[in-house]
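>>> Build me a model:
(one chain, ligands or ions: 2)
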Amino acid sequence: MKSAARPPSRRRPSPPRPPRAAAIDLDANRRLLNRYRFVEHELLRILAGWLPRTATFELKCELGRSIWESAVHVNALYLRLREIQSPAFQPPEDAALITVLRELPHAPDEFALALGVYQVLTPALIAALATHETATLPNSDQPSVYALRHALLDLRTQQARMEPLLAAAARAGRITRAARRWQQYIAQLLAAAGGINGLARRPARRPAAPAGRTEFKAPREAERDARFTQRAADLAVMPGEDDYDAHTVEEFERYSTEMLAAETVALVLHSVRGMPWEFEYDTARHLYDEVRHCLMGYEWMRTHGMDPFQSPQYLHIFKWRSQFPPVMQYCLLTMGNEVHAFPYRHRRVEAHQKSGDRLSEQFVRYDIADETQHVRFGHRWLPELLKHTGEKRSLKKYLQDVIAVWDTEYRSGKLTLNVE
Ligand SMILES: [Fe+2]
Ligand SMILES: [Fe+2]
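Ligands and ions are numbered 1, 2, ... in the order given. This is a model prediction of the structure:
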């Protein structure tokens, strides 16, 4: 049967529907983005304080990476927030949320801290960002969506790395009852703040701190787990550079101990308050670079059949630097160790090229690129830090004095420890 042709429709096309009202309007958006920023900003400072105190090597490395990734998220939120409010960073005006981050550092041990961060705060943050991503106006607020999506990618990947690490710690009996109790406490505090976005119904009862709560103090000594057997060896004289093979082994074994530099920069980041955001952003990157340099040493040693856990750890170097004010620690590292390493590093690139060792050459060239930035950070921030702390000496005189200490106590290998 032949079907009849349909007559052309005389109806006008229906007008486009107005966009649905966004669940998050501009004012709510400011408040929420600032809450996420606050959580990650406080978190990175807390993790920086815990980095030297954390013994388990794999967890320590993850903290370093989290600090940098959180700094990248805070920076993206900073760039967005400054477009919609001034100043960009504001207190969250929610005492309960502030309490969560004030309490978090006082964890009974490193795994209790990790549970609070990676099994309470981060999953809650992921849920909040994922909701925000679809609840805001998709076109008008695209720059926020862009920042949140990128943060989500990092946070979900971070979760995927942390899950096996925490499961292995649980299997090894490293997660105590006090740590579980602490995790519960952080979850209750977050619930009392209405969750990350503050919108959930808040239970009336304020949780009480568990007995295991341990007041956090900035560490003056660096921790290592039980696999490290040589903790306090003195820096030995290295085989001469003319003995290429022997010297190269020592060169990369020294890289494997660069966690010490990460720990000093972490302590500086944790201790200095009130500097511009960019200082925190740079130091977060600086410390994560040092974690990567340490891992580069591990990679090299393992490739060459060596066990990096057998390397001497020189923990007294961290202890020695930590006795000085944070600005001086930063100056000792950037204007002492880092500025002076370049002629040696360039000679090493040449030596590796000459011997045809491409991997070693690449490692050192990447290291030089990072170290160039670290020295740049030192030049950029030391004058600001001196102003910030009310230092009376000129920059030139300050540098002279600090380098004199570095020369006589560090370079000469004496390392005086003025322990109180
Ligand atoms: Fe380094
Ligand atoms: Fe460095």
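>>> Disregarding residues adjacent in the polypeptide, which is nearest to H293?
Take H293 and drop its neighbours on the chain: the residue closest to it by C-beta to C-beta, 6 or more residues apart in numbering is E258, 4.2 Å away. Yep, even glycine has a C-beta here, placed from its N, CA and C like the rest.
>>> I figured the one you found was touching H286, is that so?
No: E258 lies out of contact with H286 (C-beta atoms under 8 Å); the separation is 11.5 Å.
>>> How about residues contacting the helix or strand where E133 lies?
In the assignment (DSSP states H and E), E133 maps to helix 122-135. For helix 122-135, contacts defined as C-beta atoms under 8 Å, 6 or more residues apart in numbering pick out 22-24, 32, 36, 39-40, 144-145, 148-149, 151-152, 155-156, 158-159, 162, 190, 195-197.
>>> Excluding covalently adjacent residues, which one is nearest to the residue in the chain positioned nearest to ligand 2?
Going by C-beta to the ion, ligand 2 is nearest to H374 of the chain, at 3.9 Å. Sequence neighbours aside, E338 is the residue nearest to H374 in space, at 5.0 Å (criterion: C-beta to C-beta, 6+ apart).
>>> and what of L51?
Leaving aside its chain neighbours, L51 sits nearest to A266 (4.0 Å; criterion: C-beta to C-beta, 6+ apart).
>>> which one of E258 and H286 has more residues nearby?
For E258 versus H286, the count of surrounding residues by other C-beta atoms under 10 Å is larger for H286: 28 against 20.
>>> May I ask which helix or strand encompasses the closest residue in space to the more buried one that isn't next to it in sequence?
Spatial nearest neighbour of H286, excluding adjacent residues (C-beta to C-beta, 6+ apart): V265 at 4.9 Å. Using DSSP H and E, V265 maps to helix 259-271.
>>> what's the answer for V39, then?
Applying DSSP H and E as the criterion places V39 in helix 26-50.
>>> just checking, what packs against that helix?
If contacts are counted by 3 or more C-beta pairs under 8 Å, 6 or more residues apart in numbering; DSSP states H and E, helix 26-50 sits against helix 57-84, helix 95-103, helix 110-115, helix 122-135, helix 142-171, helix 259-271, helix 277-303.
>>> Name the residues of that helix that come out as buried.
28-50 (16 or more other C-beta atoms under 10 Å).
>>> What is the neighbour count of the nearest residue to N34 once chain neighbours are set aside?
Leaving aside its sequence neighbours, N34 sits nearest to Q90 (C-beta to C-beta, 6+ apart; 5.6 Å). Q90 is flanked by 14 other residues according to other C-beta under 10 Å.
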